[in-house]
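S.K.: Turn this into a structure:
(chains A and B)
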2 protein chains.
Amino acid sequence: MDTTARLNEQVMLDTLMNYLVSMARTVESAMNRALDAILSLDNPRTAALPGEVFLLEPRINEMEIVIDEHAIRLLRQGSFPEDELRLIVAALKLNNDLERIGDLAVNLAERVVSLREMPDAQIPEDLVPMVSAVRAMVSESLGALIFRNVDMATTVLESDDVVDRYRDRIFERQLQRMTSEPQLVGPGLQFVLATRHLERIADHATNIAEDIIFWVRGLDVRHGRGLEGLRSEPPATLSAANITENSQTSHSDVTPSRNTDDVIFT
Amino acid sequence: MDTTARLNEQVMLDTLMNYLVSMARTVESAMNRALDAILSLDNPRTAALPGEVFLLEPRINEMEIVIDEHAIRLLRQGSFPEDELRLIVAALKLNNDLERIGDLAVNLAERVVSLREMPDAQIPEDLVPMVSAVRAMVSESLGALIFRNVDMATTVLESDDVVDRYRDRIFERQLQRMTSEPQLVGPGLQFVLATRHLERIADHATNIAEDIIFWVRGLDVRHGRGLEGLRSEPPATLSAANITENSQTSHSDVTPSRNTDDVIFT
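M.R.: Residues are numbered from 1 along each chain as shown, chains lettered A, B, ... in the order given. Here you go, the predicted model:
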């Protein structure tokens, strides 16, 4: 490949990365509005938040299409170094997960619209820490994307269980209250659905973290595979130093070839 | 590219297609067991179905990883004719949607396990037609994959609203019943969650249909774009003749280039 073509390819890869970061920021902004809205159902100052989430959705959808087209345009140009190919494949996947987080922000905003019309709606006490946990997972997974940071991605993978436990606790508590107080059935159903949306946002943050580990390290850690020894150091509070240290490094590991294909596809 | 390399590439593409079809069949089988199980809660002969769904999940997860690895291995080999590149990109996406339908079959099976322990569980009357609609959408989307058939894919895109209407009707009816009869809160919650799983299976069938239209026609029809004039003929009952006529044809359309990128990413 001549120098001009290679330069052009590099510009297109940078553009892909910029698109992804821009989409990630828009999706996070939509999600944060939905999360703020569901924790402040009585506050007149947050009444406009669901509408803002609905307005962001078509823009996120457009971004998804543009990113996919851009990634496919890159693939059309032929062969790439291994880490660049992995970035393009990861971009296709990340793009999809980001768009779905945007969809789930819309679903949450729909729950808020219903709940705001229900005088008996009382925010479940575990919803506040559950929302914080989900917000942190998404923030960390997008940080992992922006800083290309495997440690941040690994932290996300370790947080998924916490969200599931909050979901189960809220479910049990709402079930009890709905059974004893019929006027709580309406809001209770909305809160149970909202916790499922939150759980799925956390799942997509997990997918994003997995895609980043694949991109940076060439390892497929989905379904709990190969998580051991992923960290460059023991888990620690995230700091700016931590981020810098692990950013922009690349590794030559590739997924070890396996011979199980014939066993599975029978 | 020399003849041997080209032949090898063709074999790998055929293998990719075979893997996808095999995964699609496994996922459909898991889903059908979950659907049969939720419609026969009192039947002792279907008590083993949820366990069978749980057993299929790890196999589906393995298939997902093998297909992704195979598609990426293909991409590493360099440049492809346009329709082959689209098949590989579509495979990455289809693979993801298939795996998620497998996950949702597990979620449905979990609902069945809970419901079977509840003596007051009565199957909502709209659940039977809702399950039929979802089953038909998945069957049609997988048919579109196997026969490379855009008409079948278009039929799937047209069915999504029906499923959403059943979901809303079941929700309203369950809300009423749970409010008036407290002992129905437990089963009602499970049925409401089950309809959300069904709705999401239908969403993934829609994604699969969109991916097939992208693969065969090079058109991105997500988010309702460019659906006009997609059919080769007016909607009709599916017949073997219909399938044969549209199978294995390819078109040279590509997504028209647009200049909106700068407007969206600001």
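
S.K.: Now for residue A:118: which residues touch it?
M.R.: For residue A:118, the set of contacting residues under the criterion of C-beta atoms under 8 Å, 6 or more residues apart in numbering or on different chains consists of A:186-187, A:190. Just so you know, the C-beta spots here come from the backbone N, C-alpha and C atoms, and that holds for glycine as well.

S.K.: The residue nearest the centre of chain A: which element?
M.R.: Per C-alpha atoms, centre = their mean, the C-alpha nearest to the average position across chain A is that of residue A:205, at 2.7 Å. Assigned by DSSP states H and E, residue A:205 falls within helix A:185-217.

S.K.: right, is that helix up against chain B?
M.R.: Yes: contact of helix A:185-217 with chain B (C-beta under 8 Å from any C-beta of the partner chain) involves A:185-186, A:189, A:192-193, A:196.

S.K.: Report the inter-axis angle for that helix versus helix B:185-217.
M.R.: If you take axes from the mean of the first three to the mean of the last three C-alpha atoms, to 10 degrees, helix A:185-217 sits at 40 degrees to helix B:185-217.

S.K.: Tell me which other helices or strands helix A:185-217 touches.
M.R.: In this structure, helix A:185-217 makes packing contacts with helix A:82-116, helix A:127-147, helix A:150-180, helix B:150-180, helix B:185-217, judged by 3 or more C-beta pairs under 8 Å, 6 or more residues apart in numbering or on different chains; DSSP states H and E.

S.K.: Let's see if you can find the most crowded of the residues of helix A:185-217 next to chain B.
M.R.: The most crowded member of those is residue A:185, carrying 26 neighbours; neighbours defined as other C-beta atoms under 10 Å in any protein chain shown.

S.K.: Residue B:177 is in contact with that one, correct?
M.R.: No: the pair residue A:185 and residue B:177 does not pass the contact test of C-beta atoms under 8 Å, sitting 9.4 Å apart.

S.K.: Just checking the distance from the helix holding residue A:205 to the centre of its chain.
M.R.: On the basis of C-alpha atoms, centre = their mean, to the nearest Å, helix A:185-217 sits 7 Å off its chain's mean C-alpha point.

S.K.: ditto for stretch A:10-17
M.R.: Centroid separation for stretch A:10-17 versus its chain: 22 Å, with C-alpha atoms, centre = their mean.

S.K.: quick one: buried residues of that stretch?
M.R.: By neighbour count on 16 or more other C-beta atoms under 10 Å in any protein chain shown, the buried set for stretch A:10-17 is A:12-13, A:16.

S.K.: The nearest residue to residue A:226 once chain neighbours are set aside in helix, strand or coil?
M.R.: Residue nearest to residue A:226 in three dimensions, not counting chain neighbours: residue A:219, with 5.4 Å by C-beta to C-beta, 6 or more residues apart in numbering or on different chains. Under the three-state scheme (DSSP: H, G, I helix; E, B strand; the rest coil), the conformation of residue A:219 reads as coil.

S.K.: Next up, phi/psi of residue A:219, please.
M.R.: Backbone torsions of residue A:219, given as degrees, to the nearest 10, read phi -110, psi 140.

S.K.: so who does residue A:200 touch?
M.R.: For residue A:200, the contacting residues are A:100, A:104, by C-beta under 8 Å, 6+ apart.

S.K.: mind checking how far it is from residue A:65?
M.R.: Between residue A:200 and residue A:65 the distance, using C-beta to C-beta, to the nearest Å, works out to 22 Å.

S.K.: Show the pLDDT at residue A:219.
M.R.: On the pLDDT scale, residue A:219 is placed at 81.

S.K.: In terms of helices and strands, where is residue A:17?
M.R.: Under the criterion DSSP H and E, the helix or strand holding residue A:17 is helix A:3-38.

S.K.: name the helices or strands packed onto the helix or strand just after that helix?
M.R.: Counting by DSSP H and E, the element after helix A:3-38 in chain order, helix or strand, is helix A:49-76. Helix A:49-76 is packed against helix A:3-38, helix A:82-116, helix B:82-116, helix B:261-264, with contacts defined by 3+ C-beta pairs under 8 Å, 6+ apart.

S.K.: tell me the pLDDT at the closest residue to residue A:68 other than its chain neighbours?
M.R.: With C-beta to C-beta, 6+ apart as the criterion, residue A:68 has its nearest non-adjacent residue at 6.1 Å, and that residue is residue A:95. At residue A:95, the predicted lDDT confidence score is 96.

S.K.: Compute the distance between residue A:95 and chain B, please.
M.R.: 10 Å (C-beta to the nearest C-beta, to the nearest Å).

S.K.: so how many other residues sit close to that residue?
M.R.: Here the number of neighbours of residue A:95 (other C-beta under 10 Å) works out to 24.

S.K.: Now do the same contact list for it.
M.R.: Residues in contact with residue A:95, defined by C-beta under 8 Å, 6+ apart, are A:20, A:23, A:64, A:67-68, A:71.

S.K.: and the stretch 101-250 of chain A, which of its residues are near chain B?
M.R.: Looking at chain B, the residues of the stretch 101-250 of chain A close enough under C-beta under 8 Å from any C-beta are A:171, A:175, A:178-180, A:182-183, A:185-186, A:189, A:192-193, A:196, A:220, A:222-223, A:225.

S.K.: and residue A:3, how many neighbours?
M.R.: Using other C-beta under 10 Å, residue A:3 has 7 neighbouring residues.

S.K.: Residue A:211: neighbouring residues, count only.
M.R.: Burial of residue A:211 is recorded as 27 neighbouring residues (other C-beta under 10 Å).

S.K.: ditto for residue A:158
M.R.: Residue A:158 has 14 neighbours, counted by other C-beta under 10 Å.

S.K.: do the same with residue A:6
M.R.: When neighbours are defined as other C-beta under 10 Å, residue A:6 has 10 of them.

S.K.: what's the pLDDT at it?
M.R.: In this prediction, residue A:6 carries a pLDDT score of 81.

S.K.: Please determine how far it is located from chain B.
M.R.: Taking C-beta to the nearest C-beta as the criterion, residue A:6 is separated from chain B by 15 Å.

S.K.: and if you look at residue A:149?
M.R.: Distance of residue A:149 to chain B, given as C-beta to the nearest C-beta: 22 Å.

S.K.: That residue and residue A:141 touch, don't they?
M.R.: No: in this structure residue A:149 lies outside contact range of residue A:141 using C-beta under 8 Å: 10.2 Å.

S.K.: All good on my end, thank you.
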